[in-house]
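> 3D model of this:
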Amino acid sequence: MTDGITTGTGAAAGGAESENGPGRTGTAVGVTRTAGLPMAVPAPGLPTRVRIHEVGARDGLQNESATVPTQVKAEFIRRLAAAGLTTIEATSFVHPKWVPQLADAEQLFPLVGDLPGVDLPVLVPNLRGLERARALGARRLAVFASATESFARANLNRSVDESLEVFAKVVAQAKEAAAQGDSADDTPGAGAGGPTGPSTGTAGTAHVRGYLSMCFGDPWEGPVPVAQVVRVCRALVDMGCDELSLGDTIGVATPGHVRALLTALNDAGVPTEVLGVHFHDTYGQALANTLAALEHGVTTVDASAGGLGGCPYAKSATGNLATEDLVWMLDGLGIETGVDLDRLTATSVWLAQHLGRPSPSRTVRALTGATAVPSART
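Next up is the predicted model:
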């Protein structure tokens, strides 16, 4: 399904390499870019490759008021994969009452679970959510905790420690079930070749990501002490989480604060290798904060195609760091991502047509001139 949008003719589209270099396609229809830009100027001390954890299909869409059809979500994920993204958070197994937009998790996951070479993590809030995810063969899972009591109560209806107790049970059961072999091993849509495929991890393993919200500031409590964040991170690691995502939920982080938290986590025995960062651009600081994290050695960065999503508790919910903005910066630093920026931009334009509004990504707007509300295509 193309909906009238051509997304390039280079290697990512199955053709030859383009003049833009390895991993880049020819210019997509509607995408205007001067050849060779951005110019790659590597900086000393930065990683040579960054893994982008794409959250647009889950975090980006979950607060959309109008229901996005399941087939559109599936095509969105396929296009993200075609653009070179290899970790795409697909959906959430929260109760449909709380997130109606993601009520189609059981219908969506089988449609995309066989994408080759792509990991499709899913969010699970409790043991019931884990059971639903396991029934589909999902082995890349995520739990979501809070660094503050106020947000834990507002978002999870539990205290911080109560929520950690729930997640400890989820992580333990996920690891135990994977080690014993799930009954869902032959479930269609469980990943390429079943749950041994790349979408769900290796047989006998379960990979669990721990999200931590309000790491830098809370709308009710104000600044969040670094030690408070470190305590919850340490608890998530101790219960068996394989990686952590440090969330700047209301977008108030600054580079100095980012460095201080990462240093404190290392001092507490949490290695940089398990850390990812998740910045919101409410105050225009997301890229600066990302660069600070890269300088510290972080190599996993969360982002949302088109800048979709945001926190309803922020005064100006500008949204998640746009994947296109991130890729533009990383390309300019000579850091490999495997992502074709032109193809990704065309994907965000395509989705914007379905949502009936332009993408908030600065890079998408610069490359397409898309500032008006686009007309929908079916």
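
> For the rest of this, base every contact and every neighbour count on C-alpha atoms.
Noted.

> hey, where'd the helices end up in the stretch 251-378 of the chain?
Under the criterion DSSP state H, counting those that start in this stretch, helices of the stretch 251-378 of the chain are mapped to 255-267, 286-296, 323-332, 341-355, 362-368.

> which stretches of the chain aren't confidently modelled?
Scanning the chain with the threshold set as pLDDT under 70 gives 1-29, 182-204, 311-318, 370-378.

> Show me the longest helix that occurs in it.
helix 160-180 (DSSP state H).

> Tell me which residues are up against that one.
Surrounding helix 160-180, the residues in contact under the criterion C-alpha atoms under 8 Å, 6 or more residues apart in numbering are 125-127, 130, 139, 143, 145-149, 152-153, 156, 203-206, 208, 235-236, 239-241.

> What subset of those residues is buried?
125-127, 130, 139, 143, 145-149, 152, 156, 203-206, 208, 236, 239-241 (16 or more other C-alpha atoms under 10 Å).

> Please list the members of those residues that lie in helices.
Among these, the residues falling in helices (DSSP H) are L127, L130, E149, A152, L156, L236.

> farthest-separated two in these?
L130 and E149 (24.1 Å; C-alpha to C-alpha).

> Hmm, V31 and T368 touching each other?
Yes. Contact criterion C-alpha atoms under 8 Å: T368 and V31 qualify, at 4.9 Å.

> higher neighbour count, the two?
Counted by other C-alpha atoms under 10 Å, T368 and V31 do not tie: V31 has more neighbours, with 22 against 18.

> Now for that one: which residues touch it?
Contacts of V31 (C-alpha under 8 Å, 6+ apart): D342, T345, A346, L367, T368.

> can you count the residues close to the first one?
By the measure other C-alpha under 10 Å, the count of residues near D342 is 25.

> Quick check: it vs R362, distance?
D342 sits 14 Å away from R362, taking C-alpha to C-alpha, to the nearest Å as the criterion.

> Would you map the strands across the stretch 51-200 of the chain?
Assigned by DSSP state E, counting those that start in this stretch, the stretch 51-200 of the chain shows strands spanning 51-54, 87-88, 91-92, 122-123, 140-146.

> Let me have those in JSON lines, extended by distance to V171.
Formatted as JSON lines, these follow (distance: least, C-alpha to C-alpha, whole Å):
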{"stretch": "strand 51-54", "distance to V171": "20"}
{"stretch": "strand 87-88", "distance to V171": "20"}
{"stretch": "strand 91-92", "distance to V171": "16"}
{"stretch": "strand 122-123", "distance to V171": "12"}
{"stretch": "strand 140-146", "distance to V171": "8"}
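
> Highest mean neighbour count out of these?
Highest mean neighbour count among these (mean count of other C-alpha atoms under 10 Å): strand 91-92, with a mean of 28.

> For that one, which helices and strands make contact with it?
Strand 91-92 sits against helix 105-112, strand 122-123, with contacts defined as 3 or more C-alpha pairs under 8 Å, 6 or more residues apart in numbering; DSSP states H and E.

> got the contact list for that strand?
A57, R58, L102, A105, L108, F109, P121, V122, L123, V124.

> Paired strands for that strand, with orientation please.
Strand 91-92 sits in its sheet next to strand 122-123 (parallel), going by DSSP bridges.
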